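Student: Please find the sequence and the predicted model below.
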Amino acid sequence: MDPKQQHTLKNAINCSGVGLHSGIKVAMCLRPAPANSGIVFHRTDIRQSALAAPEDTVANAAADVRADWDTVSDTVMSTTVQNAAGVKVSTIEHLMAALAGCGIDNVRVELDGPEVPIMDGSSAPFVFLIECAGLAPQQARRRWIRVLRRVEIEDGKRRAALVPSDGFSVSLEIDFDSPAIAEKSGFYDLHNGGFKRDICRARTFGFEHDVNRLMDLGLGQGGSLDNVVVVGRDNEILNEGGLRYGDEFVRHKVLDCVGDFYLAGGPMLAHFAGQCTGHSSNNQLLRKLFSDPLNWEYSYERALPTSSPIEVWSQPLITSDSTADNTADSASEDAETVIAATA
């Protein structure tokens, strides 16, 4: 593929699966979309609802939800986007990561339910679907978001920063009080197949002792050992076969970052550094980035690999203002979900 051109899918492709938090079975279709249209979710199940006017064009518009940083409405345990009519699509981050990793700029995602299917808890099934559908180049230049100066947030032990870079890379640190999570940091460059090779198979995870609390919140209704890595009460991995990577927990958090940051409206030229971050802090950082036009610019230059981590935390914070808001991470947001029932 030509990295300077936009791409969509060559063919439409379908799948179905359960929603992780809703527990609802959802059918999904990924369809080709025109150049410069971006990523748009479409709820087919509400086309004829009271939200929609009789005219088909208005009905379709009411069911469309754009995947953008400023349409994010909820970040508790997943990333949810919402349109002006109140239509929502949740748990979009794993699909968004796959689209980013495969270089898909424009796609229409049709769903007959409120949540993207969780599949096996990683992005690998979506990468497989995209590769089966094939990529089609489009007669439009691919536009990158170049970070021009360091942007950061801090809220207690959570710190996150975007710093200028000629490519996109992630350095991440997580902190869980469990001996099952031995590897707690890593650096990953996402170019030259890095996402598919190193990140896409990492699954979402959670802790068995959080089951009741999550169920009381109406979350994790579709969770199982088929789609969540579960740390048991005795700090053992409950899934048959164990972990896919020794640092699967870190890699999955990187996967979430890739998906959340693709909501910038295109690929980024930046290095992201995070400590104890999650969906909320990822979105807060994007909102801060776009709050000042001096922070960023559009670029048509090809991204370059990053060979080693970029030192971020040795530098003083530009500001100590907290950016916590109504979508702030809950105390256990990093443990994204838990299994609804265990054998």
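Tutor: Nice, I can see it.

Student: quick one, strands of the stretch 101-250 of the chain?
Tutor: 107-111, 135-141, 144-147, 151-155, 158-164, 168-173, 185-189, 205-207, 229-231 (DSSP state E, counting those that start in this stretch).

Student: Quick one: name whatever helix or strand follows the worst-scoring helix or strand of the chain on mean pLDDT.
Tutor: Sorted by mean pLDDT, DSSP states H and E, the helices and strands of the chain end with helix 56-62, the least confident at a mean of 59. For helix 56-62, the following helix or strand on the C-terminal side (DSSP states H and E) is strand 64-66.

Student: Note down every partner strand of the helix or strand following that following strand and its orientation.
Tutor: Sequence order places strand 72-74 as the next helix or strand after strand 64-66, per DSSP H and E. Strand 72-74 pairs in its sheet with strand 80-82 (antiparallel), by DSSP bridges.

Student: Residues touching the strand it pairs with, excluding its own?
Tutor: For strand 80-82, the external contacting residues (Cβ atoms under 8 Å, 6 or more residues apart in numbering) are 41, 65-68, 71-74, 88-92, 263. C-beta coordinates here come from the backbone N, C-alpha and C atoms, glycine included.

Student: any idea of the mean pLDDT in it?
Tutor: If you average the pLDDT over strand 80-82, you get 98.

Student: Walk me through the domains of the protein.
Tutor: 5-141, 145-299 (automatic domain parsing).

Student: Adding mean neighbour count, write the ones you listed out as a markdown table.
Tutor: Below are the domains of the chain laid out as a markdown table (neighbours: other Cβ atoms under 10 Å):
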| stretch | mean neighbour count |
| --- | --- |
| domain 5-141 | 19 |
| domain 145-299 | 19 |
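
Student: okay, those domains in TSV with distance to residue 311 next?
Tutor: Shown next, in TSV, are the domains of the chain (distance: least, Cβ to Cβ, whole Å):
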stretch	distance to residue 311
domain 5-141	25
domain 145-299	9
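
Student: and of the contacts of strand 80-82, the nearest to residue 245?
Tutor: residue 91 (21.8 Å; Cβ to Cβ).

Student: ok, now how distant is that closest one from residue 113?
Tutor: Distance of residue 91 to residue 113, given as Cβ to Cβ, to the nearest Å: 11 Å.

Student: which residues are common contacts for the two?
Tutor: With Cβ under 8 Å, 6+ apart as the test, residue 91 and residue 113 both reach residue 19.

Student: wait, what's in contact with residue 254?
Tutor: Each residue near residue 254 by Cβ under 8 Å, 6+ apart is listed here: 170, 172, 186, 188, 199, 202.

Student: Run through the bridge partners of the fourth one.
Tutor: According to DSSP bridges, residue 170 are recorded as the beta-bridge partners of residue 188.

Student: please renumber so the chain begins at 126
Tutor: Fine by me, first position is 126 from now on; the one you just mentioned is residue 313.

Student: coming back round to it: for residue 159, find the nearest of the strands of the stretch 226-375 of the chain.
Tutor: Between those, strand 260-266 lies closest to residue 159; by Cβ to Cβ that is 7.8 Å.
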